[in-house]
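A.B. asks: Sequence unavailable; structure follows:
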């Protein structure tokens, strides 16, 4: 005998369209939350990396009677090993990934991360670290305002050896050598920037040049617009505007 009861037919076109519409709405609601969660995770990783860099610096100083490692700033870097990163590696178990921000997507011109070019995603602060002396020299530099190259005379720089105890009392030894007022950061190590994301968000679009990378235009690391900073005492803060950033460094906002 045949079953003559009612049978359910296939979905109609209207029903399929309704299902597709519902799924689309759910995806549109979930995607922002997923992206936000991923960004939050990357931001946490960046801050953790900076904190480890701060601790490695304190360990380095402890091993060298308080002396801060030598560093050449990214503007004058000609080989990656001139970065203080390489001096700090033995004090963070050789873990180079600590110097990589997950949001380091390079410049507007190239997706190659700054980590690949400079050995670090972070700008290491000159006034926190020791600086090698250099003679006066003539170099070719890129003029971002004019979009042209020019010969520029770089003044000789003295050897500057900085110590933790100088930071503790607010003394910038380089200013002493230059005959300027010595007190630079009255609250000591908690106001001296050690390292930060490569770009200050209020300077997005700034055109820079480096011998290792050529001409490049800065873009922010973190959305919407903030940067992470580790100070010499190894505490990490986040800054969204220039005024709060200058205040944290013990400076009057520009």
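C.D. replies: All right, it came through fine. None of the values given here were measured: they were computed from a predicted structure.

A.B. asks: any low-confidence regions in the stretch 1-150 of the chain?
C.D. replies: Across the stretch 1-150 of the chain, the ranges flagged by pLDDT under 70 are 1-11, 30-31, 33-36.

A.B. asks: Now do the strands in the stretch 1-150 of the chain.
C.D. replies: 122-124, 137-143, 148-154 (DSSP state E, counting those that start in this stretch).

A.B. asks: Let me know which of the ones you listed is tucked in deepest.
C.D. replies: Burial of these is given as mean neighbour count (mean count of other CB atoms under 10 Å); strand 122-124 ranks first at a mean of 25. For the C-beta atoms, the positions are set from N, CA and C on the backbone; glycine is no exception.

A.B. asks: Walk me through which strands it pairs with, and which way each runs.
C.D. replies: Applying DSSP bridges to the sheet, strand 122-124 is found paired with strand 193-197 (antiparallel).

A.B. asks: Check which residues of the helix or strand just after the partner strand are buried.
C.D. replies: Once the chain leaves strand 193-197, the next helix or strand it forms, by DSSP states H and E, is strand 207-210. Residues of strand 207-210 classed as buried: 207-208, 210 (neighbour count, 16 or more other CB atoms under 10 Å).

A.B. asks: Kindly indicate which of these lies nearest residue 118.
C.D. replies: residue 210 (7.9 Å; CB to CB).

A.B. asks: before we move on, back to that, from the buried residues of strand 207-210, which is closest to residue 158?
C.D. replies: Nearest member of these to residue 158, counting by CB to CB, is residue 210, at 23.1 Å.

A.B. asks: Check whether that closest one really touches residue 79, as I assumed.
C.D. replies: No: counting by CB atoms under 8 Å, residue 79 is not a contact partner of residue 210; they are 11.6 Å apart.

A.B. asks: How about residues contacting stretch 130-148?
C.D. replies: Stretch 130-148 is touched from outside by 67-72, 149-162, 174, 206-209, 215, with contacts defined as CB atoms under 8 Å, 6 or more residues apart in numbering.

A.B. asks: mind listing the helices in the stretch 101-250 of the chain by residue range?
C.D. replies: For the stretch 101-250 of the chain, applying DSSP state H, counting those that start in this stretch gives helices covering 114-118, 164-168, 173-177, 242-248.

A.B. asks: Out of these, which is closest to residue 197?
C.D. replies: helix 114-118 (9.6 Å).

A.B. asks: Which elements pack onto that closest one?
C.D. replies: Secondary-structure packing of helix 114-118 (3 or more CB pairs under 8 Å, 6 or more residues apart in numbering; DSSP states H and E): no helix or strand packs against it.

A.B. asks: how about that helix: buried residues?
C.D. replies: For helix 114-118, by 16+ other CB under 10 Å, it's 114-115, 117-118.

A.B. asks: For my notes, please list these in a markdown table and give distance to residue 131 for each entry.
C.D. replies: Output for the buried residues of helix 114-118, formatted as a markdown table (distance: CB to CB, whole Å):
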| residue | distance to residue 131 |
| --- | --- |
| 114 | 21 |
| 115 | 22 |
| 117 | 21 |
| 118 | 17 |
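
A.B. asks: Residue 205 and residue 217 touch, don't they?
C.D. replies: Yes: Residue 205 lies in contact with residue 217 (CB under 8 Å); the separation is 6.2 Å.
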